[in-house]
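**Q** What would the 3D arrangement of this be:
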Amino acid sequence: MRKNLIYIVLLFGFIGVAQENPISIETDTTTIKIGEQIQFKIKVDEINNVVFPKLQLDSLGKVEVIESLPIDTLKNRLEKKYLLTSFDSGHYVLPKQLVLINNKQFFTDSLLVNVATVKVDTLKQKMFPIKSIKKEPKTFDDYKYLLWWLIPILILLAVILYFIFRKKEKKEVPKVIIAPIQEALQRLKELDDKQLPQQNKVKIYYSELTDIVRTYIEKDINIPALESTTNELIETISDFNESSKLGISKEIIQQLKEVLQSADLVKFAKSKPIIDEIKRDRTAVEDILKNTQHAVHINDEKVENDELNEEIFIQNKPKKNNLVKYILIFIGVFIIGIGVAGYFGYSYIKDKFIGNTTSEMIDKQWYTSTYGYPSVSIETPEILQAQSLEIPENLKSIIEDVTTYNYGSLISNFYIEVTTTSFVNELENFDYEAGIQASLQQMAQKAGINFTDLQEEIRLNNGIEGRIITANYELKNEVTQQLNSNKLTLLFFVDTKNIRQIIITQLASDENAEQVSERIIKSVSLNP
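**A** The predicted model follows:
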């Protein structure tokens, strides 16, 4: 009886051990024809701290991984799917796969894959003759040798255009400029014709009267009269008259002071002089102009016999012909552009500086690379470029390291960035909402935008919890100056000491960009 009890205990123990393995595999088929696909699925009855393997294939390397799909989170289970295929017939064994759960190792069962050849019935299948070799499509490199002919031709064309559009220098045409004294006397005559005092517009009359004399003084004596007060102007004229020995009499200066003071009383103190006083100030201004002009130009060889109707001639500088200059600049830039493109290649210039359209991104070869530490594995249409970042002094006690890699295409308004931030201390009880809001706020302030229609979803990637956030925003195009509707996708993952972000921005209406974005997001794999 005792012996039987031991067997029963051992039996239940073995059953318990057999039930402890929380990992299982599942396939839609194990027998395929060459080129067909197998959906290989690893199921884990756990959702926390699970690390799926990099799939170990058969020892002969005949089975290939077409795509590693994102982890699906079910109620109490995680599922990782792989699409497999083979192009060689035979029987191949996929070894046991290692999965870590809470840092413990668990292994799946091995899997036998049968790959059969495709039979071709030559009696029923019509045979066709061997096709001729197709020529490769022409590329820019095939025409590089033409640059050695194109550059001399462009230089010759530039020389021809220069001689065609070159114009002889025009003779300088003199332009008549009225002397300041003549201009002032003409303005006085026009002021008399307005008859402002008779219309009871005394304030306007004195404003124009003093403006005439101030303008003349500024133009002919080079004294800032228009912006000076009466006292400042009189003091400046007196000092300049003594230092430069102009010969303006003190009576004229006193007369000017009285006229300006009368005008100030009219303009600011609402004084109303009688007609005789107005006429006296008018006559005084004309005397001031004539006497000042005579004193200033008495030793000037251009003034003879005090002729007030004298005209001073100056010559206009001929306008330069800028057409030739612009043509030569354009040709020079064009030649340099052709030369650079010929040396580096059009594809290099386009990929390095212009970028690809989103439709080109879909069709071209993609690259799978890892970025940062701990690394983020991601598939992108172009290899991301590392950016240099400096941690501010006040944050060095909190942040240990920051790495950023990005790629942007100007031609399609598509941008992707992968950033890893490592902290000095562990992130305990991390507030996802606060962290995401801080990240969005920083991006909004930097770009001068506002995010709308925010949507958030919980994501697990290799056992690391995170969020995927989508939002819309309006951004002005620097070229067209029009507002474009854009979409932001932010993947935000946090582990014990690191925050990893994947940022994708695109035009909201670009369907090709949406396909590119989805492919990138599906490829994201976080390494612990």
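
**Q** so what's the residue nearest to residue 256 when sequence neighbours are not counted up against?
**A** Counting by Cβ to Cβ, 6 or more residues apart in numbering, the nearest residue to residue 256 once its immediate chain neighbours are dropped is residue 288, at 5.2 Å. No exception for glycine: its C-beta is placed from N, CA and C like everyone else's. Contacts for residue 288 (Cβ atoms under 8 Å, 6 or more residues apart in numbering) come out as 213, 252, 255-256, 259.

**Q** Looking at those residues, which one is closest to residue 504?
**A** residue 213 (71.7 Å; Cβ to Cβ).

**Q** What about that closest one, how many residues nearby?
**A** Around residue 213 there are 24 other residues, counting by other Cβ atoms under 10 Å.

**Q** what does residue 296 give?
**A** 20.

**Q** Let me see the contact set for it.
**A** 220-221, 246-248.

**Q** among the residues you listed, which ones are buried?
**A** Applying 16 or more other Cβ atoms under 10 Å to these, the neighbour count classes 220-221, 246, 248 as buried.

**Q** Filter the residues you listed down to the ones in helices?
**A** By the criterion of DSSP state H, membership of the buried ones among the contacts of residue 296 in helices covers 220-221.

**Q** From the buried ones among the contacts of residue 296, which shows the smallest pLDDT?
**A** Lowest pLDDT among the buried ones among the contacts of residue 296: residue 246, with 71.

**Q** returning to that earlier point: I'd like the contacts of residue 296 as JSON lines, with distance to residue 189 appended.
**A** Shown next, in JSON lines, are the contacts of residue 296 (distance: Cβ to Cβ, whole Å):
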{"residue": "220", "distance to residue 189": "18"}
{"residue": "221", "distance to residue 189": "22"}
{"residue": "246", "distance to residue 189": "26"}
{"residue": "247", "distance to residue 189": "27"}
{"residue": "248", "distance to residue 189": "24"}
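
**Q** Show me which pair in these is furthest apart.
**A** Longest span within those, Cβ to Cβ: 220 and 247, 13.7 Å.

**Q** thinking again about what came up before, specify which member of the contacts of residue 288 is nearest to residue 52.
**A** Distances from residue 52 to those, taken by Cβ to Cβ, are shortest for residue 213, at 94.0 Å.

**Q** Pretty sure that closest one sits against residue 185.
**A** No - applying Cβ atoms under 8 Å as the test, residue 213 and residue 185 come out as separate, 11.2 Å apart.

**Q** shared neighbours, these two?
**A** By Cβ under 8 Å, 6+ apart, the residues touching both residue 213 and residue 185 are residue 289.

**Q** Show me where the stretch 1-150 of the chain dips below the pLDDT cut-off.
**A** By pLDDT under 70, the weakly predicted segments of the stretch 1-150 of the chain are 1-20, 119-129, 131-132, 134-136, 138-149.

**Q** How are the strands of it distributed by residue range?
**A** 23-27, 31-33, 37-44, 50-51, 63-68, 72-73, 78-86, 90-94, 98-101, 104-107, 111-116 (DSSP state E, counting those that start in this stretch).

**Q** out of those strands, nearest to residue 329?
**A** That would be strand 63-68 among the strands of the stretch 1-150 of the chain, by Cβ to Cβ, at 51.9 Å.

**Q** Can you check what angle separates the closest one from strand 37-44?
**A** Counting by axes from the mean of the first three to the mean of the last three Cα atoms, to 10 degrees, strand 63-68 points 70 degrees away from the direction of strand 37-44.

**Q** Residue 228: how many residues sit nearby?
**A** Counted with other Cβ under 10 Å, residue 228 comes out at 17.

**Q** got a list of what it touches?
**A** Applying Cβ under 8 Å, 6+ apart, the residues near residue 228 are residue 236.

**Q** which residues does residue 32 bridge with?
**A** residue 115 (DSSP bridges).

**Q** I figured it hits residue 40, correct?
**A** No - here residue 32 does not reach residue 40: they are 11.5 Å apart, not a contact under Cβ under 8 Å.

**Q** Would you mind telling me which of the two has more residues around it?
**A** The neighbour comparison of residue 32 against residue 40 (other Cβ under 10 Å) goes to residue 40, with 23 against 17.

**Q** pretty sure residue 110 contacts residue 93?
**A** Yes - here residue 110 reaches residue 93: they are 5.7 Å apart, a contact under Cβ under 8 Å.

**Q** before we move on, the earlier item: possible to save the buried ones among the contacts of residue 296 as TSV with distance to residue 271?
**A** Shown next, in TSV, are the buried ones among the contacts of residue 296 (distance: Cβ to Cβ, whole Å):
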residue	distance to residue 271
220	29
221	28
246	31
248	27
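
**Q** contacting residues for the closest residue to residue 82 other than its chain neighbours?
**A** Using Cβ to Cβ, 6+ apart and skipping the chain neighbours, the partner closest in space to residue 82 is residue 40 (4.6 Å). By Cβ under 8 Å, 6+ apart, the contact set of residue 40 is 25-27, 55, 81-84, 94, 111.

**Q** show me where the stretch 251-400 of the chain has strands.
**A** Counting by DSSP E, counting those that start in this stretch, the strands of the stretch 251-400 of the chain are 311-315, 367-371, 376-380, 385-387, 399-409.

**Q** closest to residue 462 out of those strands?
**A** Per Cβ to Cβ, nearest to residue 462 of the strands of the stretch 251-400 of the chain: strand 376-380, 9.6 Å.

**Q** Tell me which strands that closest one pairs with, and in which orientation.
**A** By DSSP bridges, strand 376-380 pairs with strand 367-371 (antiparallel), strand 525-526 (antiparallel).

**Q** If you average pLDDT over each of these, which is lowest?
**A** The bottom spot among those, by mean pLDDT, belongs to strand 367-371, with a mean of 88.
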